[in-house]
Structures are given as structure tokens and as C-alpha cells.
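**Student:** Sharing a sequence plus its predicted fold:
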Amino acid sequence: MNPANLTDTSKLCVHTITTKPWNIEEAAKNFSAAGVKGITVWRDTLAGRNIRQTGQMLRDYDLSIVSLCRGGFFPSIDSNKWAAAIDDNRKAIGEAHELGTSMIVLVCGADPSQPLEESRKQIRDGIQAVLPEAAAAGVKLAIEPLHPMYADTRSAINTLAQANDMAENINSPFVGVAVDVYHLWWDPSLEKEIKRCGANGNLSAFHICDWKVPTTDFLNDRGLMGEGCIPVKEIRSWVEATGFTGFNEVEIFSTSYWKEDQHEFLGKIVKAYKECS
């Protein structure tokens, strides 16, 4: 690593879910004071707020609004739930536009009462259904593959190859892929698929954290970079080798860290980012 990078936080983004106890105003103020330059906004933090004014508040703190999280959850054997998911994704596109971000991360969903292939078809159909609204708003839909342990209900897209296949099949400048090390570090095809993603111009987002050993909760026990077994630096080098110049987004779900003083936790995030990613 270039020694200059040890103090460089110009590409550091933190998700609002990472510091979940803070409301969005607290997160903006404290991220900015810590030298964080990007923020990914989770939709729950916007409840009851004027979204356009919230976006301006974030920019006033000199924060780039990297993306809105999350859309997706398309598949359902119930046609009414399917229709509700389409409506909710259209709502998310409107929120992203009001907020002033050009990307929504999709946690695509799955329905365990039907085959995975049917869920994947519904994901593709769902993205295509809302694509006209996304294009009109200038908002890219980033397909995020999730670890196979989530294939029951959270996502039927479980490898980067599957996400690449879908993005290439849809073939729109408003559909891309989000790479999250937590979900993909185990995949022996990861480097090859990152190269493929970059070559096709579909690499839209890069999320980082670490996998604790042993983990105590597959959802809410993510670690700081350098705290587990994910080769974060190596994966980041593959991403950057594609020409990706976007943010490195720290996304940590952690019951234990949410119980800590969030100012101290944010300090740990910045330190881990500088030293271990």
C-alpha cells in the first residue's frame, strides 16, 4: 500500500446502518467531522423527513450521497405482494431522485415456496418493470449478490457471476452490480468475475467489512476491516484494477458495535479503513 493512503479518506463512505443508533442528522455531522467523504443512506433514516432537504443537508456537510439502500425484494408467489414490491421500488426511485443520488442498491429477494430459478426470473422481470422510471430519474439499479446462506428469503442472486449474467442480459446503462466482500469473499471465481464486471462497465458499488472468526450471527456480527478472515486489501486491488474509482463503502451490521459509543466506533472504522483496507 502507498504510505500516502494511510491518511487518505477521500474514498471512504459509511452506510447509515453501520452507525444505526444515530439518526441521519447525527450521522452526517459526525461522519463529516471524522473525515468521511461519502454516505449511503438507508431508507428508514428518511422516515418523516423532507427528503430533498435531507439531501441538501448531507451535501452541506460535504458528503457525497453514494447510494440509497435498499430496493429489491421482488420475488413472491403472491401476485399482490409482487405488485406491492414493484410499487415500493418505484417509490425508492423517487426517493433517490429527491435525495440527489444516482444509485439504488438492490437486495433482490427470494421466495422459499418456489424454485430459485423462478425467483431469479421475477427479479429480472421486476428490474425491467421499474427500469423506465429509473432511467427517467437518472438512477442506476445495482444488483447486489448475497451470500448463499441468504438464498431462502433475502436473495436468489448469490454469486457475482449470477449478478453479471443478469446485468448483461438486461443490458441497460441504468443497471449495474454491487460487490460486497462479506457476501463474495469465499467465491473462487471472484477475481475473474470482478474483471468481467469492470470490463462491461457494470461495477457500480464496492462494500467492505470483515467476517469474524467465529461469527456468532450471520446477519448482525460483521467485523471491522482487519478483524476477520476476508482479504479486503486484495479484493480492493482487484476492484481498482478494473478502473473503478468509486467509494469504498463500510457496511457493518453488528449488534455488539451498535451497543458501543458510536463516536468511538466511528473512530475505529476510520482507523481500520486506513490500516486494513
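**Tutor:** In hand now; what should we look at? Numbers count the residues shown, from 1 in each chain.
**Student:** And the strands in the stretch 151-277 of the chain?
**Tutor:** Taking DSSP state E, counting those that start in this stretch, the strands of the stretch 151-277 of the chain run over residues 175-180, 203-208, 210-211, 222-223, 248-250.
**Student:** where along the stretch 151-277 of the chain do the helices fall?
**Tutor:** Here the stretch 151-277 of the chain has its helices, by DSSP state H, counting those that start in this stretch, at 160-170, 181-184, 190-199, 232-241, 255-258, 262-276.
**Student:** Now the longest one - C-alpha only, PDB.
**Tutor:** The C-alpha trace of helix 262-276 is given here as PDB (Å, rounded to 0.1, in the frame of the first residue of the first chain):
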ATOM      1  CA  GLN A 262     -20.800   5.400  18.300                       C
ATOM      2  CA  HIS A 263     -18.200   8.200  18.300                       C
ATOM      3  CA  GLU A 264     -15.700   5.600  19.400                       C
ATOM      4  CA  PHE A 265     -16.900   3.100  16.900                       C
ATOM      5  CA  LEU A 266     -16.600   5.600  14.100                       C
ATOM      6  CA  GLY A 267     -13.000   6.200  15.200                       C
ATOM      7  CA  LYS A 268     -12.400   2.500  14.900                       C
ATOM      8  CA  ILE A 269     -13.900   2.500  11.400                       C
ATOM      9  CA  VAL A 270     -11.600   5.200  10.200                       C
ATOM     10  CA  LYS A 271      -8.600   3.600  11.700                       C
ATOM     11  CA  ALA A 272      -9.400   0.200  10.300                       C
ATOM     12  CA  TYR A 273     -10.100   1.700   6.900                       C
ATOM     13  CA  LYS A 274      -6.700   3.400   6.900                       C
ATOM     14  CA  GLU A 275      -4.800   0.400   8.100                       C
ATOM     15  CA  CYS A 276      -6.600  -2.700   6.800                       C
END
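**Student:** got the angle between that helix and helix 232-241?
**Tutor:** Angle, helix 262-276 to helix 232-241, by axes from the mean of the first three to the mean of the last three Cα atoms, to 10 degrees: 70 degrees.
**Student:** Kindly present the strands of the stretch 151-277 of the chain as TSV, with separate columns for distance to residue 140, mean neighbour count and mean pLDDT.
**Tutor:** (Glycine included, C-beta is placed from N, CA and C.) Below are these laid out as TSV (distance: least, Cβ to Cβ, whole Å; neighbours: other Cβ atoms under 10 Å; pLDDT from 0 to 100):
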stretch	distance to residue 140	mean neighbour count	mean pLDDT
strand 175-180	5	26	98
strand 203-208	6	25	98
strand 210-211	27	22	98
strand 222-223	25	24	98
strand 248-250	15	25	98
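**Student:** Turn the ones you listed into a markdown table, columns for distance to residue 144.
**Tutor:** What follows is the strands of the stretch 151-277 of the chain, written out as a markdown table (distance: least, Cβ to Cβ, whole Å):
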| stretch | distance to residue 144 |
| --- | --- |
| strand 175-180 | 4 |
| strand 203-208 | 8 |
| strand 210-211 | 17 |
| strand 222-223 | 15 |
| strand 248-250 | 11 |
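**Student:** out of those strands, nearest to residue 273?
**Tutor:** Closest to residue 273 of the strands of the stretch 151-277 of the chain is strand 248-250 (Cβ to Cβ; 6.6 Å).
**Student:** Give me the secondary structure label for the residue most central in space within the chain.
**Tutor:** Centroid-nearest residue in the chain: residue 105, 5.3 Å away (criterion: Cα atoms, centre = their mean). Three-state call for residue 105 (DSSP: H, G, I helix; E, B strand; the rest coil): strand.
**Student:** gap between it and residue 89?
**Tutor:** 12 Å (Cβ to Cβ, to the nearest Å).
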